[in-house]
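Participant: What follows is a predicted structure for the sequence shown.
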Amino acid sequence: MLNEREKLDTLIHLSIELGQSKDLDILMEHILSETRRFVNADAGSIYLRDHETLMFSYTQNDTLQRKLPPNEKLAYVNFTIPIDEYSIAGFVAKTGRILNIPDVTRLPATVPYHFNRSFDERVGYSTRSVLTVPLNTAGGDIIGVLQIINAKDEHEKVIPFPPEQEKMLMHFANTAAVALERAQLTRDIILRTIKMAEMRDPLETGAHVNRVASYAIEIYERWGRKRGIDGKEITRNRDIFRMAAMLHDVGKVAISDTILKKPAKLTEEEFNIMKQHTILGARLFLDGLSEFDKVAAAVSLNHHERWDGNGYPGHVDHRTGLPMAGYVKSDGQPWGKSCEEIPIFGRIVAVADVYDALSSTRVYKDAWDEARVLKIFEEGAGTQFDPDVVEILFSCMEFIHFIQQRYPDKRTENL
């Protein structure tokens with residue numbers, strides 16, 4: 001447990017660190033981890049506001065985590081609750097008041113809110129002390145709710161949250177809310193860019209890019225741990241990589257509608273034009289100096305390369321689209337990149353993108369059953385795909401399924 005000086009130092013450092021996180025999902029993970037460490041809590045959740053509802057957006061639970069195999073993650077599905085006085089989180093969002101409840105199983109009959117026991121009953125958990133804090137932006141708007149569960153003493157016994165923690169936690173929550181607001185804006189800009197691409201290419205949807213990005217960072221984290229990459233570097237790269245992966249096909253905005261929306265098979269000439277979306281996407285990030293720009297360019301340029309060297313666009317200068325010196329075939333075309341010539345971010349998105357395309361319903365096909373999808377990757381490992389990345393995909397299929405539930409296509413939502 002942290003002493004008072006350590007808590008103050010932690011608040012100062014966290015304020016700086018939160019300003020460095022860019023991706024919304026990674027930021028929520030960081031906020032919840034540090035908040036729980038700050039008050040020594042077993043579990044917690046973040047709800048983000050969506051008009052007059054709260055979206056259950058992120059959760060952590062040490063007790064349930066310990067029941068999972070090593071390196072597996074706690075999976076969860078998004079749901080919404082109304083902003084009203086009848087739930088604890090809804091009450092805090094509606095009133096803007098902090099709630100510090102010593103035992104949610106013994107709520108007074110005089111309060112309007114109640115505790116929903118269904119989650120505890122389903123997973124075998126026991127919620128007792130709950131500290132719920134509004135996330136207020138600098139403009140005074142409530143962007144969501146931070147809920148921390150089951151404070152623990154030095155003997156790991158569940159205790160009420162001490163009242164003196166409320167003020168410091170409220171200060172941290174305000175800092176977190178500003179960071180969340182900025183990250184939401186960044187996510188919204190990316191999704192609006194994707195929506196622009198969706199107007200051109202109906203396959204490029206918000207749900208698709210969110211799934212591809214979520215698959216990609218899950219695979220990357222496991223790939224990094226397997227290779228002994230430092231945890232801080234993995235976290236930093238996940239933050240950048242998730243946003244970059246969402247923009248993997250952004251270059252399609254520059255491809256003609258007659259090609260993107262052609263109902264028949266493309267001619268060789270048309271397909272060669274379609275291939276240019278990789279180069280055009282990379283050019284969008286050409287002048288950027290940030291790590292995000294470098295990773296986004298690498299993803300855009302390389303997510304159609306193949307492990308065996310038969311992908312595209314190959315060894316080209318993405319500034320000009322011309323083959324690089326020393327990599328020109330006899331027909332004037334560039335040699336394809338192969339194996340580890342392809343940046344790892346491109347190799348991972350190649351797998352994530354194809355997996356989602358095959359396992360999702362499209363206007364021209366039904367979703368393939370999983371056995372058929374995995375057969376493609378079994379056969380393509382070592383030719384089309386990096387075999388190590390395929391192996392990692394197979395190892396995290398349960399979590400992949402939860403990602404699919406978190407980001408369903410609109411057609412599924414309306415059924």
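Facilitator: Sure, I can see it.

Participant: for the stretch 1-150 of the chain, what spans make up the helices?
Facilitator: 4-18, 24-39, 62-65, 88-95, 118-123 (DSSP state H, counting those that start in this stretch).

Participant: In terms of mean pLDDT, which of those ranks lowest?
Facilitator: Mean pLDDT values for the helices of the stretch 1-150 of the chain show the minimum at helix 4-18, a mean of 58.

Participant: I figured Arg97 hits Thr132, correct?
Facilitator: No: if you go by C-beta atoms under 8 Å, Arg97 and Thr132 don't touch, sitting 9.2 Å apart. Backbone N, C-alpha and C define where each C-beta goes, glycine included.

Participant: Looking at the two, which one has more neighbours?
Facilitator: Thr132 (25 against 11; other C-beta atoms under 10 Å).

Participant: Can you name the residues that contact that one?
Facilitator: Ile88, Ala89, Val92, Ile98, Leu99, Asn100, Ile101, Val145, Leu146, Gln147, Ile148 (C-beta atoms under 8 Å, 6 or more residues apart in numbering).

Participant: what number of residues lie near the closest residue to the second one other than its chain neighbours?
Facilitator: Looking back up the chat, that one is Ala89. The spatially closest residue to Ala89, leaving aside those adjacent along the chain, is Val145, at 4.7 Å (C-beta to C-beta, 6 or more residues apart in numbering). Neighbours of Val145 under the rule other C-beta under 10 Å: 28.

Participant: Does Val145 have any beta-bridge partners, and if so which?
Facilitator: Partner residues in beta bridges with Val145, using DSSP bridges, are Tyr47, Pro134.

Participant: if I pick Ser300, what's in contact with it?
Facilitator: Per C-beta under 8 Å, 6+ apart, neighbours of Ser300: Leu247, His248, Asp249, Val250, Gly251, Thr278, Gly281, Ala282, Leu284, Phe285.

Participant: what's the most distant pair in those?
Facilitator: Pairwise distances across the contacts of Ser300 (C-beta to C-beta) peak at 13.7 Å, for the pair Asp249 and Phe285.

Participant: These two: which is more packed in?
Facilitator: Each of Asp249 and Phe285 has its neighbours counted (other C-beta under 10 Å); Asp249 has more, 25 against 22.

Participant: sorry, back to before: so which of the contacts of Ser300 belong to helices?
Facilitator: Counting by DSSP state H, the part of the contacts of Ser300 found in helices is Thr278, Gly281, Ala282.

Participant: Can you verify my assumption that the last one contacts His318?
Facilitator: Yes: counting by C-beta under 8 Å, Ala282 does reach His318; the two are 4.2 Å apart.

Participant: domain parsing for the protein?
Facilitator: Domain ranges of the chain: 4-183, 201-413, per automatic domain parsing.

Participant: how about the nearest residue to Glu291, chain neighbours excluded?
Facilitator: Nearest to Glu291 is Ile240, by C-beta to C-beta, 6+ apart, at 5.4 Å.

Participant: I'd assumed Phe292 was in contact with that neighbour.
Facilitator: Yes: using C-beta under 8 Å, Ile240 is in contact with Phe292, at 4.9 Å.

Participant: which residues are in contact with both of the two?
Facilitator: Counting by C-beta under 8 Å, 6+ apart, the residues touching both Ile240 and Phe292 are Lys22.

Participant: Quick check, pLDDT for the residue nearest to Ala89.
Facilitator: 97.

Participant: Could you do Met246 as well?
Facilitator: 92.

Participant: if I read this right, it contacts Val209, doesn't it?
Facilitator: Yes: between Met246 and Val209 there is a contact under C-beta under 8 Å: 4.3 Å.

Participant: Residue ranges in this structure under the pLDDT threshold?
Facilitator: Where the chain drops to pLDDT under 70, the residues are 1-21, 196-205, 363-364, 410-415.

Participant: Return the residue of it that is most distant from the centre.
Facilitator: Most distant from the centre of the chain: Ser330, at 42.9 Å, with distances by C-alpha atoms, centre = their mean.

Participant: For it, give its distance to Asp230.
Facilitator: 44 Å (C-beta to C-beta, to the nearest Å).

Participant: Check Glu398 too.
Facilitator: For Glu398 relative to Asp230 (C-beta to C-beta), the value is 27 Å.

Participant: which residues in the chain form strands?
Facilitator: 41-50, 53-61, 80-82, 99-101, 130-136, 142-152, 158-159, 316-317, 322-323 (DSSP state E).

Participant: for those, which one sits closest to Met168?
Facilitator: strand 130-136 (10.7 Å).
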